[in-house]
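S.K.: Everything below, folded, please.
(2 chains)
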Amino acid sequence: MGSALLPTLRQKREVDAAIRDTLDKVLVLRFGRADDAACLHLDDILAKSSWDISKFASVALVDMDSEEIQVYIDYFDITLVPATIFFFNAHHMKMDSGTPDHTKWIGSFSSKQDFIDVVEAIFRGAMKGKLIVSCPLPPERIPRFQLLFKDV
Amino acid sequence: MPSEPAKKPPAAGLEYCELCRHHHDLGRRHRYGRNHRDKLGAALPRFRSKLSDLRRALLHGSPSSQPPRPHLWCPFCSIDLVDLDDRSPCSNAIYHLASGEHLKGVKDFLRKHGGGMDQVDSLRISEDEVAKWEKGCESLSTGAKTGTEELIGPSLGPMKDIQNESTCDNSDTFARTNIPSFSNTASYVVMPLQNPTNGAYHPISTECHGAFGSGNASYSAPYGTVGLPITAWGSAETHKQQGVLSTNCFHGTGPEMNGHQPTIPGNGPRPLISFAAHVQQSHSGGNLSCGPKANVHTGAPPPWLKANEHDPNNLLLRSCGAPGEGKSRKLNPKRVGAAWAERRRAEMEMQKRGEFVPETSDSSWLPNFGGVWQSGTRKESKKDFEKTLELHDKKSNHELSLEIKPYISKRMVNAISQSLFHI
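M.R.: Next up, the predicted model:
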């Protein structure tokens, strides 16, 4: 169960279509579960800010429990939930937020504006041709986590 | 005896310069500064050009490239000169510019900001010019008095900008019309004409009554249109009594037109907008070019759009026709995935047009992704992943192909073989 406003993708071809058909806009893919508290909090923020960023970004939710999505979970190496991945013109956008994982945003955002700022930074970097951007948020507002290499 | 050091003049307090729009403590020295002189050099000619436009348009009667401004800011007196009465446009501005107050303001301004007192005359209107203008106004008013006497509401002023030029000849018709009293539930400012001033006559069609009866509220009263008494929306009888209903905008369509839009004085700008939309809807196929010039009140499209419709080099058309192309022109070609986006956009357009597009994605397609523990390029990490995926698939298939058999111990095997041997 996702937001009423945001589409929930459960099949690989839907995710492929979203990535391929979103042109010149940032695609925000949230990988998570509907019954997770952090996911719900993040979904709320995504839903509320989707209209504000609709001109330069589009948001979609991906259900991690779906079978077809497992290949993406392996490919994107998603181990912590929720995980938000950003794309621009079918290219993955990285963000250096001081965390061990630059490929995705782990956890939720503290406010709507933080999310909008992050998406804006990614959009601006993408329009300039950068595949990796710096996070505009201060460190205290970035969720911290530990990343294990192959469970070591 | 040691000489006393020259006393510094006391520092001037902070002053605000209206020209430069900032505070300074330079005192009178400020007006000799470069920035201030530049600002003054820009401000005075600007005001002079506005003044010369005003003079040319009103005092000498020659048409200027621009119509007289409805309001003028006098920087010397810090007054906004707004003309409320359109019968004598810019009268406020003229009287002020000829007044003693303005003269004093100009002198004070030049004294304060520099610029030379010889410029005073070029920044005001003299009494002779005011007298000339007043004479001109009187002659205009006596000439048009019979025509404009009965006109209620804002006068057209130069009537050409409301109707076409032929209406000027028909100004006498105003005197013949009787504008009945209105019972109006809504407030109104403009009382429209009763009869068409271009001689056209269009009786109300039954469809109009139907339109009225439906309570269609999208009416307003642009200038130059025939008005109707505002009673209840659905009262068609008053229209019948009037008997004449026409607007200049409908003249072009002639009697063929069925969807007459009788106009009623509106409240103001809001009804005008809806009227324009309504008229445009009804006139989608109308031939407006046959009749008098279409204008904003008749709901016609503006001339620059009309011209652009026939212009093959129109950028607007091109961009409207191919929105994707226009977008890509504006976007940075060095942005991430620019080539991909162009290719994909072309594919999508071909799909929309129904053309065959070779399938570029299959179930094994994966996007460009920089791995978490990436070493090397993204393509390499993608290939590594695809290899591991293949291996994993092979393993799972291999496991599935193994047959699961029940366990048989050696004793059982021996027992079975002995029993068979005895048999």
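S.K.: and whichever residue of chain B sits closest to chain A, how many neighbours does it have?
M.R.: Taking C-beta to the nearest C-beta as the measure, chain B has B:Gly337 as its residue closest to chain A, at 2.6 Å. Heads up, the C-betas are built off the backbone N, CA and C, glycines and all. Here the count is done by other C-beta atoms under 10 Å in any protein chain shown, and B:Gly337 has 22 residues near it.
S.K.: Quick one: residues contacting it.
M.R.: A:88-91, A:126, B:368 (C-beta atoms under 8 Å, 6 or more residues apart in numbering or on different chains).
S.K.: and the one helix or strand in chain A whose mean pLDDT sits lowest, what does it pack onto?
M.R.: The weakest-scoring helix or strand in chain A, judged by mean pLDDT, DSSP states H and E, is helix A:70-75 (a mean of 91). Counting by 3 or more C-beta pairs under 8 Å, 6 or more residues apart in numbering or on different chains; DSSP states H and E, the packing neighbours recorded for helix A:70-75 are helix A:12-21, helix B:378-401.
S.K.: Check which residues of it are buried.
M.R.: Judged by neighbour count using 16 or more other C-beta atoms under 10 Å in any protein chain shown, the buried positions of helix A:70-75 are A:71-73, A:75.
S.K.: quick check, nearest of those residues to chain B?
M.R.: A:Tyr75 (5.7 Å).
S.K.: Spit out the contact partners of the residue nearest to B:Glu127 when sequence neighbours are not counted.
M.R.: Using C-beta to C-beta, 6 or more residues apart in numbering or on different chains and skipping the chain neighbours, the partner closest in space to B:Glu127 is B:Ala98 (6.2 Å). Applying C-beta under 8 Å, 6+ apart to B:Ala98 gives the contacts B:124-127, B:129-130.
S.K.: cutoff 10 Å now
M.R.: B:124-131, B:133 (C-beta atoms under 10 Å, 6 or more residues apart in numbering or on different chains).
S.K.: Just list what the host helix or strand of A:Ala47 packs against, helices and strands only.
M.R.: For A:Ala47, the host element (DSSP states H and E) is helix A:37-50. With contacts taken as 3 or more C-beta pairs under 10 Å, 6 or more residues apart in numbering or on different chains; DSSP states H and E, helix A:37-50 sits against strand A:26-32, strand A:57-63, strand A:83-88, helix A:112-127.
S.K.: does any part of the second one sit near chain B?
M.R.: In other words, strand A:57-63. No - shown here: strand A:57-63 not in contact with chain B (C-beta under 10 Å from any C-beta of the partner chain), separated by at least 12.8 Å.
S.K.: Go through that strand and flag the buried ones.
M.R.: Residues of strand A:57-63 classed as buried by neighbour count (16+ other C-beta under 10 Å): A:57-63.
S.K.: Tell me how many other residues crowd the residue in chain A positioned nearest to chain B.
M.R.: Residue of chain A nearest chain B, by C-beta to the nearest C-beta: A:Asn89 (2.6 Å). By other C-beta under 10 Å, the residues close to A:Asn89 number 25.
S.K.: Just give the nearest non-adjacent residue to it, would you?
M.R.: Per C-beta to C-beta, 6+ apart, closest to A:Asn89 is B:Gly337, 2.6 Å.
S.K.: gap between that neighbour and A:Gln146?
M.R.: Distance of B:Gly337 to A:Gln146, given as C-beta to C-beta, to the nearest Å: 32 Å.
S.K.: next one: B:Arg343
M.R.: Applying C-beta to C-beta to B:Arg343 and A:Gln146 gives a distance of 40 Å.
S.K.: and those two? which has more neighbours close in?
M.R.: Using other C-beta under 10 Å as the criterion, B:Arg343 and A:Gln146 rank with B:Arg343 on top: 12 against 7.
S.K.: Next, find the distance separating that one from A:Leu23.
M.R.: 10 Å.
S.K.: Repeat that for A:Val71.
M.R.: For A:Val71, the distance to A:Leu23 - C-beta to C-beta - is 24 Å.
S.K.: What about B:Ile94, how many residues nearby?
M.R.: B:Ile94 has 25 nearby residues by other C-beta under 10 Å.
S.K.: Could you verify my assumption that it touches B:Ser126?
M.R.: No - B:Ile94 is not in contact with B:Ser126 according to C-beta atoms under 10 Å; the separation is 11.0 Å.
S.K.: residues contacting the nearest residue to B:Ser375 once chain neighbours are set aside?
M.R.: Computed as C-beta to C-beta, 6+ apart, the closest residue to B:Ser375 that is not its neighbour in sequence is B:Ser381, at 7.7 Å. B:Ser381 makes contact with A:75, B:368-375, according to C-beta under 10 Å, 6+ apart.
S.K.: what's the answer for A:Asp63, then?
M.R.: Contacts of A:Asp63 (C-beta under 10 Å, 6+ apart): A:1-2, A:8-11, A:30-34, A:69.
S.K.: quick one: B:His102 from B:Arg56, how far?
M.R.: B:His102 is 19 Å from B:Arg56, by C-beta to C-beta.
S.K.: Who has more neighbours out of the two?
M.R.: B:His102 (20 against 16).
S.K.: where does the stretch 151-300 of chain B have low pLDDT?
M.R.: Across the stretch 151-300 of chain B, the ranges flagged by pLDDT under 70 are B:151-190, B:192-293.
S.K.: interface residues of it facing chain A?
M.R.: So the stretch 151-300 of chain B never meets chain A (C-beta under 10 Å from any C-beta).
S.K.: B:Leu14: neighbouring residues, count only.
M.R.: For B:Leu14, using other C-beta under 10 Å, the count is 8.
S.K.: Kindly report the same for B:Lys352.
M.R.: 8.
S.K.: is it true that A:Ile69 touches A:Glu14?
M.R.: Yes - A:Ile69 is within contact range of A:Glu14, at 9.3 Å (criterion: C-beta under 10 Å).
S.K.: quick one, which of these two is more surrounded?
M.R.: A:Ile69 (20 against 17).
S.K.: Now do the same contact list for the more buried one.
M.R.: So A:Ile69 contacts A:9-12, A:14-15, A:31, A:62-63, A:78 (C-beta under 10 Å, 6+ apart).
S.K.: B:His30 too?
M.R.: B:12, B:15, B:17, B:19-20, B:22-24, B:36, B:113-114.
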